[in-house]
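K.L.:
Generate a structure from the sequence data that follows.
(chains A and B)
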Amino acid sequence: NAGVTQTPKFRILKIGQSMTLQCTQDMNHNYMYWYRQDPGMGLKLIYYSVGAGITDKGEVPNGYNVSRSTTEDFPLRLELAAPSQTSVYFCASSYEPRYNEQFFGPGTRLTVL
Amino acid sequence: DAKTTQPTSMDCAEGRAANLPCNHSTISGNEYVYWYRQIHSQGPQYIIHGLKNNETNEMASLIITEDRKSSTLILPHATLRDTAVYYCIALNQAGTALIFGKGTTLSVSS
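P.N.:
The predicted structure follows:
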């Protein structure tokens, strides 16, 4: 199993540009998550999904959109990039989270200039 | 907001036990406490979780007080590779996602 994979690993965007961060898991997990981590801080939940077709906002959803058309994929969309979105983005997945560990991807480091 | 509080940093000598405390006085009686760690800028890694009883696995032990207001993660023989940020975590209100705080930076030195 590859686990949770994220692409790209690094990206530099100009203000106002758009991009999609890709996340795929091969563990057949229903739950998937997007977090961002600013320097020296803990992870902040952006969006999550409890299954295909179902998504919900986390702590910091503004400026982002998600979709979940399949169990495996959970892309994160930035429509109008802003410097405040410079961060490291982590995708994660799990079975029912109360009893099971979350598996995290390696992260995408995004810089908006 | 995170339901847990931890010290910002701790030091430990290599080979000694590392005891990382966590206060979670506001979690309810049926909420688990989860521990993860993050080495450098990698994705967080699961360590252990528990509800009421003490738990042990190959990585660590988790001691939860009887009143469930606090817990301690124990790394029995810390190594340099255990240097990381350790997060004590509870789920969000819906029980669907982990809510991270700032964690404790553990520095293990020789």
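
K.L.:
Averaging pLDDT per element, find the lowest-scoring helix or strand in chain B.
P.N.:
Ranked by mean pLDDT, DSSP states H and E, the helix or strand of chain B with the weakest confidence is strand B:98-99, at a mean of 90.

K.L.:
Please identify the buried residues of the helix or strand just after it?
P.N.:
Once the chain leaves strand B:98-99, the next helix or strand it forms, by DSSP states H and E, is strand B:104-109. The neighbour-count check on strand B:104-109 (16 or more other CB atoms under 10 Å in any protein chain shown) flags B:104-106, B:108 as buried. The C-beta positions use only the backbone N, C-alpha and C, and glycine is treated the same way.

K.L.:
now what about the helix or strand encompassing A:Tyr48, what contacts it?
P.N.:
Here A:Tyr48 sits within strand A:43-51, counting by DSSP H and E. Around strand A:43-51, the neighbours that count as contacts under CB atoms under 8 Å, 6 or more residues apart in numbering or on different chains are A:30-38, A:55-61, A:64, A:66, A:68, A:71, A:74, A:76, A:89-90, B:44, B:92, B:96-100.

K.L.:
Show me which residues of chain A are close to chain B?
P.N.:
Residues of chain A lying close to chain B by CB under 8 Å from any CB of the partner chain are A:4, A:31, A:33, A:35, A:41-45, A:48, A:50, A:56, A:58-59, A:88, A:90, A:92, A:97-99, A:101-107, A:109.

K.L.:
Show me those residues that map onto helices.
P.N.:
Assigned to helices by DSSP state H, none of those qualify.

K.L.:
got the contact list for A:Tyr95?
P.N.:
If you count contacts by CB under 8 Å, 6+ apart, then A:Tyr95 has A:29-31 around it.

K.L.:
taking these one by one, which sit in strands?
P.N.:
A:Tyr31 (DSSP state E).

K.L.:
Throw the contacts of A:Tyr95 into JSON lines and include distance to B:Gln38, thanks.
P.N.:
Output for the contacts of A:Tyr95, formatted as JSON lines (distance: CB to CB, whole Å):
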{"residue": "A:His29", "distance to B:Gln38": "20"}
{"residue": "A:Asn30", "distance to B:Gln38": "24"}
{"residue": "A:Tyr31", "distance to B:Gln38": "20"}
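
K.L.:
Go through the helix or strand containing A:Gln6 and flag the buried ones.
P.N.:
Here A:Gln6, judged by DSSP H and E, is contained in strand A:4-7. For strand A:4-7, burial by neighbour count (16+ other CB under 10 Å) applies to A:4, A:6.

K.L.:
Many thanks, have a good one.
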